[in-house]
Every structure is written in C-alpha cells, then in structure tokens.
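Peer 1: Provide a 3D model corresponding to the input given below.
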Amino acid sequence: MADATEDRMQKIVSLCKRRGFVFQSSEIYGGLRSAYDYGPMGVELKRNLMNEWWRSMVHSREDIVGIDASIIMHPEVWKSSGHLANFSDPLVDCKVCGERFRADKAPRAESGTPATITLADKGRAKAALEKVQGLAEGIERDGKTLTGAVAPERGYVCPNCGSPFLSEERQFNLMFRTSLGPVDPVAAIIDRVKASVEAGDDDKTLRAKVEDAMADSSVYLRPETAQAMFVNFLNVQQSTGMKVPFGIAQMGKSFRNEVKVEHFIFRSCEFEQMEMEYFVEPGQGPKMLEHWKDARLDWWKSLGIKEENLRLRPHEGDELAHYSDGCYDVEYKFPWGWDELEGIASRTNYDLNAHSTGSKKKLQYFDPQKTDPDTGKNGWRYMPHVIEPAAGATRGLLALLCDAYDEEPGDADGKGARTVLRLHPRLAPIKVAVLPLVKKDGMPELAREIVQQFFAAGINAKLDEQHAIGKRYARHDEIGTPYAITVDNDTLTDRTVTVRMRDDRSQKRIPLSTAVEVITTALGQA
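Peer 2: Down below sits the predicted model:
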C-alpha cells in the first residue's frame, strides 16, 4: 500500500514537470529546498482556483469586501499578535539518523514500550549500532534494524527511523526576518559581539545584545495574511460603511521557515493563502462557525473534488488555541493520508483586542440600532468576534491534481491506455484546444481564426498543430483540457468541426459557427 501511494505521488510530480504545472525553483543551479515555480499550466490552474474563491467569497456576496495588504508590516504587528513570542515549533534532532523534525508531528509511542530502529540498509544499521551503544545497553542488530530500545518518557520517536534517542526540544521561530532601510545591521552586530566577548558575556547575554543591534532595522515576511485584515478593520469598515456581520477577504503569499517541508508543494516555505475574517456580534461566534464550516466544505465539493475524499474534522480541546472556542478542518485524503486543506476557526475577539492594546487604538464597532446589554441604553459599542476560514491555495492546487489524476488501462493489448486529469472544466488551465488535422490546405489558418473567436469570448483556448492528432489528444488529456475542436477536410467544405469530450472521449459534429456558443454553454453547465 505504501509503495502504491508513493508511486502515485511520484507520477503526479512527474506529470507536473512534464506538462508545465510545477518546476523545482532554480533547477539549473541544483534547485532550492522547498521552493517551487509554477509553469504555464500551473499558474493558470492556481489562478483559476483563486479566482473561484474570490468570486465565491467577494463577488457573490454583499457582506464581504477584499483587500491586498503589504507582505512586510510594522514589526509591532507581530509582537501584538503573539507571533514574535509564540510562533515557533519544537525542534528535535535524531541522534541515530540525524533527522530534524517537529516534536508535535512525530509518531507517538507509549513510554517504556519497545522501539524498533529501522535503517535504510545493513551498513547504516552497523554505523547506528556504534552510535547507540554509548546511549543504552542491550541494543542488538538484526539486518537493517536495531532492537532492544524503548520509547522515552516524552512519548514520541523519530519519524524517519523510529529511534527513541533524541536531542532536547528547542523552539524554532518560523518567521523570516530581514532588514528594512539604509542600515547595515551586520556592522552593528560585529561591534556588539566584539564588546560582548571582551566583557566575557555568556551566550544568553550575547544573544540579547545581538538582537538589540538588529532591532531597529528588523522586519518580517508575513507568516499569514490574516493580521493585515485585523489591523485594517477600522479602515475598511469606515471607508465602506459595512455593517456587522461583514467580512474582509485577502489572497496572497505567506512565508514560514518550516522545520520540515514535505509532500511536494503541500508544505513549503513560500505558499499562497485564501483567508477571510468574518466579524460578528459577541455571542454569535458559535452559530456562524456552524454556518461557515458547512459552507466551506460545500465550496470544495463544488470544484469537482470527490465527496469521499473530503471530510470535516472538529478540533479536540487540546488542539484549540487558547483564544479559540471552536475550530474545524476541511481535510482531503491525499496519497499519504488525510491532511488539512482549510481551517475554519472561531477566534473570539482575541486579535482585535491584541491589536487594540498594542496600538492603543479602539478597534470597536458602534451599532446605533442595538441596545447596549450592559447599560440598557440605545447604541452598542463593542469589539466584534471573528470567524476565520483560512484555506491554502497551493494545498488546494495539489488536492485538485491528486483528485483529478486518473489512468485508464486500455484494451487487452494496451491500446487506448491514457493518463487524464479530470479537472473541473472551469478550473482547467486551457478550456478548449483547437487542432488542425494537418498543417496544410488552410486548416492551421482557419484553426487560428477559431482560437481568436474564443479569445474574444474570454475563453482560454490553445492552437496545437504539433504531432499526430492522437498525440495531441493525449497531451491535452494530461493537462486537463476538457474540450478539443478538430478542423479537418470536411470543415473546409461544410463548415463543421468535431468536438471531443475529455472525460469519455466521445465526439460529435457541430457547425463551426456555433463552436464558441457550444463550449460556452458546456462551461456554464459544468
């Protein structure tokens, strides 16, 4: 089962590169860890997904507006939000295989139970045995496994080899720090280090002095888009006259220096989010959480993702942030198992309160039509509570690829076998391919005219005249193009074309003059 899962994921990754969805960033220089570039097909699919989200969240509602805020914000924003002090992961190193991982994501193991250590081969197992002999007694090797170890009191083992021999946990802040302004912090750091060494300072004192030297110019790449919506609460409400309940939506890039990146683009250091903060009256949070959790699950289903691959998972009490009174995850069944696509959290008034305290500005809403429950007088001034649906665009793209990827075996001789991406037609990078049967007799010129008609109608079309017609069909099946129009000899005489459907490969003849109308109707009904 594990081999089949890994094989399917490798096929998807291979298709992504071969067909221009995702490339390793800086590949000609050896690539960069956890950095990816979206190619011609990938950028279209991602934008289509994000446009669907924006249309659903903003353009289809009267109570939600959008913003596009700066990636770099005042560092006090992150101090008030708690990110500077608390946005960190517990980092652990395995003393056997060297794996570095997050303690909170490690496999659980009951303290005192046997812990089998499994290495890649016998040679590495021999080397590992030498390492652990000084750490515990009774460890024996059997091929590429070590036995005799027991799980530690901390209750987890290495996710790579299963070793219980681990370093102490240390906190690792996930935010990327950089410098802003015409200041060279390196020179100031060198001066502080020299002075600290001369003074004989310990490591803690030295670190404090270095931090102080960097403080004046330090800024951070945002780890989430949410905080900009909180600090702009008054700007948006007062400039638009929005009345509670209302929402602020934003899409954009965020950056996290993840301890462990994994599963292709699922967890990476640079990613795109689709987040919305919905402001409600105090006491309305639980009711609106129920509404939004169902609405968000339904939205993912509307993209054509199979229902059996989606689920809502409520957070247990020990998973909730200290300020949250409820949270759900929309999870997708990826090849490696269930994992998060989107979180829907009731954040109470924590964020507005934190920024109100930090900025000394009253981030409140006044409703002249409501009675103040504390005074009984007309007019209620309060700090709204917030429901936050926060989705990952890059994770969503991967879920779409995983869900749409399909292989058809063909007949007994293998004829007709194909790989196809069954993407929802609205999401497909190219909506229709226009294929001249041959590159002569005026067919390419006529095909180009048809493409221009689709462009004029706002439909992304592609003229494809390279290779045999069968290979072109196969190519567009792999990138998820839902419709293909073939210009052939009959087109030149009777002005009809063949429309081929991606999913079942069925074909029908239609008048050339109706081609744009037929495809437009099919997209609208999909």
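
Peer 1: Sheet partners, orientation included, of the helix or strand bottoming out on mean pLDDT in the chain?
Peer 2: Ranked by mean pLDDT, DSSP states H and E, the weakest helix or strand in the chain is strand 170-173, scoring a mean of 75. Here strand 170-173 has these sheet partners by DSSP bridges: strand 88-93 (antiparallel).

Peer 1: The helix or strand just after the strand it pairs with - which strands sit beside it in the sheet, and in what orientation?
Peer 2: Using DSSP states H and E, the helix or strand that follows strand 88-93 in sequence is strand 100-102. Applying DSSP bridges to the sheet, strand 100-102 is found paired with strand 88-93 (antiparallel).

Peer 1: which of the residues in the strand it pairs with are buried?
Peer 2: Buried residues in strand 88-93, counting neighbours by 16 or more other Cβ atoms under 10 Å, are found at 89-93. C-betas here are computed from N, CA, C, even on glycine.

Peer 1: now, among these, which is nearest to residue 265?
Peer 2: Within those, the smallest distance to residue 265 is 19.6 Å, found for residue 89 (Cβ to Cβ).

Peer 1: residue contacts, the closest one?
Peer 2: Contacts for residue 89 (Cβ atoms under 8 Å, 6 or more residues apart in numbering) come out as 102-104, 171-172, 174, 258-259.

Peer 1: Now do residue 321 against residue 131, distance only.
Peer 2: Distance of residue 321 to residue 131, computed by Cβ to Cβ, to the nearest Å: 38 Å.

Peer 1: just to revisit the earlier point, out of the buried residues of strand 88-93, which comes closest to residue 505?
Peer 2: Among those, and counting by Cβ to Cβ, the member closest to residue 505 is residue 89, at 47.9 Å.

Peer 1: Tell me how far the closest one lies from residue 158.
Peer 2: As judged by Cβ to Cβ, residue 89 and residue 158 stand 16 Å apart.

Peer 1: and what of residue 455?
Peer 2: Look at residue 455 and residue 158: by Cβ to Cβ, they are 55 Å apart.

Peer 1: Can you list the buried residues in the host helix or strand of residue 290?
Peer 2: For residue 290, the host element (DSSP H and E) is helix 285-302. Buried residues in helix 285-302, defined by neighbour count with 16+ other Cβ under 10 Å: 285, 288-289, 292-293, 296-297, 299-300.

Peer 1: Please tabulate the residues you listed in TSV, including the columns distance to residue 196 and pLDDT.
Peer 2: Below are these laid out as TSV (distance: Cβ to Cβ, whole Å; pLDDT from 0 to 100):
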residue	distance to residue 196	pLDDT
285	48	94
288	52	97
289	50	97
292	51	98
293	52	97
296	51	98
297	54	98
299	54	98
300	53	98
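
Peer 1: of those residues, closest to residue 332?
Peer 2: Set against residue 332, the nearest of the buried residues of helix 285-302 by Cβ to Cβ is residue 300 (7.8 Å).

Peer 1: Next, the contact list for that closest one, please.
Peer 2: 310, 330, 332, 341-342, 396, 399.

Peer 1: One more pass at 10 Å, please.
Peer 2: In this structure, residue 300 makes contact with 307, 309-310, 330, 332, 341-342, 391, 396, 399-400, 403, judged by Cβ atoms under 10 Å, 6 or more residues apart in numbering.

Peer 1: Repeat that for residue 270.
Peer 2: Counted by Cβ under 10 Å, 6+ apart, residue 270 has contacts 25, 32, 34-36, 176, 221, 253-256, 394.

Peer 1: on that earlier part again, out of residue 455 and residue 158, which sits in the more crowded spot?
Peer 2: residue 158 (25 against 11; other Cβ atoms under 10 Å).

Peer 1: Can you give me the pLDDT of the more buried one?
Peer 2: On the pLDDT scale, residue 158 is placed at 92.

Peer 1: quick one: it and residue 94 touch, right?
Peer 2: Yes. Applying Cβ atoms under 10 Å as the test, residue 158 and residue 94 come out as touching, 3.9 Å apart.

Peer 1: what do these two both touch?
Peer 2: 100-101, 106, 117, 164-166.

Peer 1: ok so, going back, what would the contacts of residue 270 look like in a markdown table with distance to residue 357 and pLDDT?
Peer 2: Formatted as a markdown table, the contacts of residue 270 follow (distance: Cβ to Cβ, whole Å; pLDDT from 0 to 100):
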| residue | distance to residue 357 | pLDDT |
| --- | --- | --- |
| 25 | 40 | 94 |
| 32 | 39 | 87 |
| 34 | 35 | 83 |
| 35 | 37 | 90 |
| 36 | 38 | 94 |
| 176 | 26 | 90 |
| 221 | 24 | 95 |
| 253 | 28 | 96 |
| 254 | 24 | 96 |
| 255 | 26 | 94 |
| 256 | 25 | 91 |
| 394 | 33 | 96 |
